[in-house]
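Peer 1: could you work out the structure for the sequence below:
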Amino acid sequence: MKIVLVNLGVAIGGRALVDDVSLTLAQGTRTALVGASGAGKSLTCAALAGTLTSAATVTGSLTVEGLDGSDRPDGPDGDLLHLPAARRSRAARAALVQQDPATALHPLLRIGDQVAAAARAAGHNRREAPARAQALLQRVGIDTALTERVPGRLSGGQRQRVAVALALAAEPVLLLADEPTTALDVVARAELLAVLDDVTVPAPAGSCAVPAPAASCAVPAPAASCAVPAPAASGAVPAPAGSCAVPAPALLLVTHDLAAASLCDEIVVLHQGRVIEQGPAHHVITRPEHPVTRAMCSAAREETLAGALAAIEARADITDHSVSAIAHAIAPAEVRT
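Peer 2: As a prediction, this is how the structure comes out:
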């Protein structure tokens, strides 16, 4: 399936803040939306998520190509843009990971219970949901022993990875990550980027990182296919061919961090609410064409830009999505050993 945003415009109080933004996001692909503060990144993200307030005037269209008739939303011509998140069909849902995981996590509930509740909301029954939650938490690198803890007993990086698991429990076609690495140190940032990279990689036929409970499946998959591979060290057991799987979502990573953006397939640069440049990550970073993009690259610290380029090359060579390899690729020179 493809998520297609056409000519998005967002105005608040009569002032245009986003103008003529178009994106095509296919499942299993990673796109970075880059720009300075106030460029319109978060508003674009909110429009895709269906979380804009009533104060915003929105124009354009948002559709999901590949939905069958029963999954089409109530909007005219299948348009999702003017529907709030609660009115969008399950098959067209987007999930949002924000900068502060506290916005998504209840401070007094165990993380395992929170992810299980999200799995039940996605259609899993009470018996299936805990197993689904445990598999998702393992998927993002949270040890089983930690699932009984409340968010306050986890590190910042662990809480952000739990927020990713919570988003994945909704089984979205689009995973939106709005500046998710901002408050993290370099190691936690590397771990989170490795998770985001891993959960959006299509799997080889016949494998599955999050096996469904026996004889059950909330979202049927084609025979002998699965969109989410098991990471090498996760301990997940590959599912047999033809088993239930949830296709990998498209990822839109909203960030000002070139190193983080470089882990995506494509970079889209926003300036004053408009797309000024887009293309393959390596091309945008090494051969920026717009003056604003060139200024962004020049302003970046040399070691950060070098790390971004190293990350692009490392990503092509990493087959097990090794956290240590990605951490080395994006770490500033002075902290590498």
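Peer 1: end to end on stretch 279-299, go ahead and measure it.
Peer 2: 20 Å (C-alpha to C-alpha, to the nearest Å).
Peer 1: what segments of the stretch 151-300 of the chain are strands?
Peer 2: Using DSSP state E, counting those that start in this stretch, the strands found in the stretch 151-300 of the chain span residues 174-178, 250-255, 266-271, 274-280.
Peer 1: the first one relative to strand 250-255, how many degrees between them?
Peer 2: In this case it means strand 174-178. Angle between the axes of strand 174-178 and strand 250-255 is 10 degrees (criterion: axes from the mean of the first three to the mean of the last three C-alpha atoms, to 10 degrees).
Peer 1: how about the strands of the stretch 151-300 of the chain in TSV, adding mean neighbour count and distance to Gly50?
Peer 2: Quick note: C-beta positions are derived from backbone N, CA and C, even for glycine. Listed next are these as TSV, based on neighbours: other C-beta atoms under 10 Å; distance: least, C-beta to C-beta, whole Å:
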stretch	mean neighbour count	distance to Gly50
strand 174-178	25	10
strand 250-255	26	14
strand 266-271	23	20
strand 274-280	17	21
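Peer 1: contact partners for Leu58?
Peer 2: Careful, residue 58 is Val; it's not Leu. By C-beta atoms under 8 Å, 6 or more residues apart in numbering, Val58 lies in contact with Leu8, Gly9, Val10, Ala47, Leu52, Leu81, His82.
Peer 1: quick check: it vs Leu17, distance?
Peer 2: 11 Å (C-beta to C-beta, to the nearest Å).
Peer 1: hey, what's in contact with both of those two?
Peer 2: Both Val58 and Leu17 are contacted by Val10, under the criterion C-beta under 8 Å, 6+ apart.
Peer 1: so, low pLDDT: which residues of the stretch 1-150 of the chain?
Peer 2: 68-77 (pLDDT under 70).
Peer 1: quick one: the helices in the protein?
Peer 2: Assigned by DSSP state H, the chain shows helices spanning 41-49, 111-121, 128-139, 156-169, 186-199, 258-261, 281-286, 291-299, 302-317, 323-330.
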